[in-house]
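Novice: Prediction below, plus the sequence it came from.
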Amino acid sequence: MPTDKGVIQGYTGVAAVDEKHQIIAEAQAHGTGSEQELLLPVTEAIRPIAKQDTVPCADSGYHSEDNLKELERKGIEAYIPDQLYRKRDARYAGQHEHTPKPEALWDKSPKPAPKPKLFQPSDFQVATDQSHCICPAGKRLYRNGGNCNIGGRQAIKFTGAQRDCKSCPRRAQRLRHPQRTMVRQVAIFLGQHARAQEKATERMKRKIDTERGREMIARRFATVEPVFGNLRSNKRLNRFTLRGRQKVDGQWKLYCLVHNIEKLAHNGYAKQEAKAR
């Protein structure tokens with residue numbers, strides 16, 4: 001699994017948690033770093049105990065077109081935000097101020113100078129008649145496509161002239177691979193294409209941006225994150241001590257079982273037993 005300190009051997013522990021009592025209803029460990037492929041197995045595993053009003057909520061790591069299409073096909077209502085939902089939600093304004101700082105004792109060796117930031121489509125000025133656009137270096141790019149369908153979005157394509165791009169002093173910012181790319185091409189998006197079919201991810205974005213969607217995101221935070229905090233901090237399961245998916249899956253289920261036993265004890269089960277005696 002890739003981490004900020006290199007690649008390590010690891011496993012992903014997944015848990016489905018009941019909102020009312022924070023009981024773990026399903027726990028699985030997988031030898032993969034990709035969460036997207038784990039949503040459907042867990043959703044399928046909890047179907048026998050799910051009620052008609054059960055609504056799965058997952059974090060953005062499970063957001064994908066294939067997952068959302070399969071949930072729609074099965075008629076399962078779910079709330080799974082995309083990676084950029086925080087930027088559209090006013091509640092997260094200014095969150096960059098709270099991002100963690102780099103570790104003071106980690107890798108103080110000199111770093112190479114950062115590469116120049118590439119120009120973005122917003123840096124190009126499109127002419128009123130959309131016949132051409134002007135790049136940040138002041139050169140003209142000519143239109144070579146006026147009604148392109150790129151991922152369901154309508155776009156206008158522009159390409160530069162070799163005489164301008166070859167000698168441009170800002171090639172490093174204009175081109176991702178200036179050594180092998182001769183001219184700059186840019187696509188300006190105008191909105192959804194008339195012939196585009198709406199994707200499941202677009203429908204989910206609209207759903208997440210509603211008042212109900214934001215409420216469900218907040219409820220997911222309060223439901224599942226404390227459970228992982230209990231397992232990792234209180235139970236000290238900050239790393240698996242076994243190897244092999246079957247053994248790790250057993251260790252993960254064992255810790256989840258201990259969590260559930262504690263929940264039963266703290267929610268009156270032990271007191272009821274004492275009264276019965």
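Specialist: All right, it came through fine.

Novice: What is the neighbour count of the closest residue in space to R214 that isn't next to it in sequence?
Specialist: Closest residue to R214 apart from its sequence neighbours, by Cβ to Cβ, 6 or more residues apart in numbering: D89 at 6.4 Å. For glycine as for every other residue, the C-beta is placed from the backbone atoms N, C-alpha and C. Close neighbours of D89, defined as other Cβ atoms under 10 Å, add up to 16.

Novice: For the closest residue to A78 other than its chain neighbours, give me its contacts.
Specialist: Nearest non-adjacent residue to A78, counting by Cβ to Cβ, 6+ apart: P56, 4.5 Å away. P56 sits next to 16, 43, 46, 71, 76, 78-80 when contact means Cβ atoms under 8 Å, 6 or more residues apart in numbering.

Novice: Which of the residues you listed fall in helices?
Specialist: Among the contacts of P56, DSSP state H puts 43, 71 in helices.

Novice: per the record, what domains does this structure have?
Specialist: Domains of the chain are assigned by automatic domain parsing as 9-89+209-276, 121-192.

Novice: chain center to the first one: distance?
Specialist: Put plainly, it is domain 9-89+209-276. In terms of Cα atoms, centre = their mean, to the nearest Å, the centre of domain 9-89+209-276 is found 16 Å from the chain centre.

Novice: Check the shortest one too.
Specialist: Per Cα atoms, centre = their mean, the displacement of domain 121-192 from the mean C-alpha position of its chain is 29 Å.

Novice: same check, this time on stretch 184-203
Specialist: With Cα atoms, centre = their mean as the basis, stretch 184-203 stands 20 Å off its chain's centre.

Novice: List the buried residues in it.
Specialist: Residues of stretch 184-203 classed as buried: 184, 186, 188, 193, 200-202 (neighbour count, 16 or more other Cβ atoms under 10 Å).

Novice: distance between the ends of it?
Specialist: One end of stretch 184-203 sits 33 Å from the other (Cα to Cα, to the nearest Å).

Novice: how about the strands of the stretch 151-277 of the chain, start to end?
Specialist: Secondary structure of the stretch 151-277 of the chain by DSSP state E, counting those that start in this stretch: the strands cover 153-160, 185-192.

Novice: Which of these sits closest to S60?
Specialist: Closest approach to S60 among those (Cβ to Cβ): strand 153-160, 21.1 Å.

Novice: Surely I156 is in contact with A187?
Specialist: Yes - the pair I156 / A187 is scored as a contact, 7.1 Å apart, by Cβ atoms under 8 Å.

Novice: Find residues that contact each of the two.
Specialist: With Cβ under 8 Å, 6+ apart as the test, I156 and A187 both reach C148.

Novice: pLDDT below threshold where in the chain?
Specialist: Applying pLDDT under 70 to the chain picks out residues 101-108, 269-277.

Novice: max-length strand in it?
Specialist: If you go by DSSP state E, the chain has its longest strand at strand 140-150.

Novice: measure V126 to L190 for me?
Specialist: V126 sits 10 Å away from L190, going by Cβ to Cβ, to the nearest Å.

Novice: Need the overlap of contacts for the two.
Specialist: With Cβ under 8 Å, 6+ apart, V126 and L190 have common neighbours I156.

Novice: ok, back up a step: adding distance to K115, write the strands of the stretch 151-277 of the chain out as JSON lines.
Specialist: Below are the strands of the stretch 151-277 of the chain laid out as JSON lines (distance: least, Cβ to Cβ, whole Å):
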{"stretch": "strand 153-160", "distance to K115": "20"}
{"stretch": "strand 185-192", "distance to K115": "19"}
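
Novice: Quick one, which of those gets closest to T99.
Specialist: Across the strands of the stretch 151-277 of the chain, closest to T99 is strand 185-192 (Cβ to Cβ), at 28.6 Å.

Novice: the inter-axis angle of the closest one versus strand 140-150?
Specialist: Compare the direction of strand 185-192 with that of strand 140-150 by axes from the mean of the first three to the mean of the last three Cα atoms, to 10 degrees and you get 50 degrees.

Novice: quick one: contacts of strand 185-192?
Specialist: 121, 124, 126, 133, 135, 141, 148, 150, 152-160, 198.

Novice: do the same with stretch 198-209
Specialist: With contacts defined as Cβ under 8 Å, 6+ apart, stretch 198-209 is touched by 63-65, 68-69, 72, 79-82, 85, 88-89, 152, 192, 213-214, 217.
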